[in-house]
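curious how this folds, go ahead:
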Amino acid sequence: DPEIGATVRAYLERRGLAVEIIREFQLGLAPAGWENLVGKLRGRFTDEALTEARLAGRRDVSGGRRGGLYDWFRNRLMVPLVAGGGTVVGFGARALQSGDEPKYLNSPESPVYHKGAFLFALDAARRHLTPDGELIVVEGYFDVIALHQAGLRHTVATSGTALSADQARMLRRLVPRVALTYDGDRAGREAMMRSLSTLLAEGLDVAVVELPEGDDPDTLVRRGGREAWDEARRHAADPAEFVQRHVLRARSGDAPEGARGDPREAAAQAIVRLACGIGDPIRLRLLIERASQVLDLPENVFSRALAVRREGGATERPIRSAVRAGRQREEAIERRLLQALLLAPIELEAARQHLSPEDFRDPVCVTLALALWGGATPEGEAAELARELAVSAGALDWAAEARGGVRRMTERRLRRQLHERRQQLHHAPPAEEA
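Residues are numbered from 1 along each chain as shown. Reported below is the predicted structural model:
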């Protein structure tokens, strides 16, 4: 009935879906009413078959009597869940009326449908695998449908559930690499962290495609088409980079005050947890090497922490000690230079030619450097640090100490620039694409 279907057609039109993609995914309508489907199927299937497939529910009747059947899906947009060979094993159903809960109602587990062993649109996606062997993994049905419509036919969805080891193995049998992208909010990033662990444990290469805050794959391609996805894919993070970014957000203003802490320490802990599930020694080595580059920590910090964790020990203390030791070394270099410049101010002009206050990392050292470079009198914590450094000075050639400090700080900046350049090269497109 065209009139009954007008609401769902209008909804799909607002989502920008073409008639061809609607037909391809066999989208339909469960009309309002309690016995539309039950009335058509009664006599063809037993009540038990209808209720077990969750096409129908049974009314509660007092006194222990069994009530009649009613349609399980009512006034909902229906998305068939199609397994290999075109067999429909269940449905995802979206509410069409505001206030109807839940917003999404899915078929329950059944003899033919197991959520943890099903990937939405896999049967279609396997026919469009790219030459480089990559599948895009998203969360929702409409994310898949929108990406397929944009020409990204190698897309599947976990159907809103946490990605399981069975699903990861299904992916691994088809491709060596996955582009993982969920909603661009905190919940989506946390879900990607959980999925990342599962995918790496199953031996898949993973590129994490992060979306702008508030976006999802559906809205991304609706707004910007295939080009928007391609741009996001070009800036995808490897696992170590994603962990770093995720932890930085979680330890900044994106998290409650109590959840904040040293981001490098927290990121290193997360890397060790990921590494613990990887059995392939080559993949494990590559992850540790990359984490060392991204977090600027020695590889042996991760190797030692991983060995401790695999023996059942706690890794917090060794990682915390390594991060703090590195931070203390950096701070010592900065304090030594500032001390030398305070005691041998004749070297300040040479220091200004090679360094700037931005080359310092410790906040108090930055403030003191700003005062010295600007010829101002230090105030507050910077003044306290200046007094501390002057009091603790010994009888040394402070001019030589200043020159040595400038050299060490310059070398540190160059190492940092080299690190950043390597990061850029890591994301550079192949020569033929550049």
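
for stretch 362-381, the averaged confidence score.
Averaging pLDDT along stretch 362-381 gives 94.

for this structure, where's the lowest mean pLDDT among helices and strands?
Least confident helix or strand, the chain: strand 66-71 with a mean of 84, by mean pLDDT, DSSP states H and E.

following the chain onward from that one, which element is next?
Toward the C-terminus, strand 66-71 is succeeded by strand 76-82 as the next helix or strand (DSSP states H and E).

so which elements touch that next one?
With contacts taken as 3 or more CB pairs under 8 Å, 6 or more residues apart in numbering; DSSP states H and E, strand 76-82 sits against helix 6-14, strand 28-30, strand 88-95. Where C-beta positions appear, they are placed from N, C-alpha and C, glycine not excepted.

contacts for the least confident helix or strand of the chain next, please.
With contacts defined as CB atoms under 8 Å, 6 or more residues apart in numbering, strand 66-71 is touched by 30, 33-38, 42, 47, 50-51, 55-61.

and for stretch 99-115?
With contacts defined as CB under 8 Å, 6+ apart, stretch 99-115 is touched by 52-54, 73, 75-76, 81, 83, 87, 89-95, 159-161, 166.

let's see 7 Å
With contacts defined as CB atoms under 7 Å, 6 or more residues apart in numbering, stretch 99-115 is touched by 52-54, 73, 75-76, 81, 89-95, 159-161.

what does stretch 294-302 give?
For stretch 294-302, the surrounding residues in contact (CB under 7 Å, 6+ apart) are 240-241, 244, 264, 267-268, 271-272, 275, 288-289, 291-292, 319, 322, 326, 419.

distance between it and the chain's centre?
Relative to its parent chain, stretch 294-302 has a centroid offset of 21 Å by CA atoms, centre = their mean, to the nearest Å.

what does stretch 228-246 give?
With CA atoms, centre = their mean, you get 8 Å for stretch 228-246.

for that stretch, what is the average pLDDT?
94.

show me what the helix ranked longest in the chain is packed against.
Assignment by DSSP state H gives helix 398-427 as the longest helix of the chain. Here helix 398-427 touches helix 316-343, helix 348-354, going by 3 or more CB pairs under 7 Å, 6 or more residues apart in numbering; DSSP states H and E.

quick check: buried residues in it?
Using 16 or more other CB atoms under 10 Å as the test for burial, helix 398-427 gives 398, 399, 401, 402, 403, 405, 406, 409, 412.

repeat for stretch 109-127
Within stretch 109-127, the residues that count as buried by 16+ other CB under 10 Å are 113, 115, 118, 119, 120, 121, 122, 124, 125, 126.

quick check, nearest of these to residue 234?
Residue 234 has its nearest neighbour among these in residue 125, at 21.2 Å by CB to CB.
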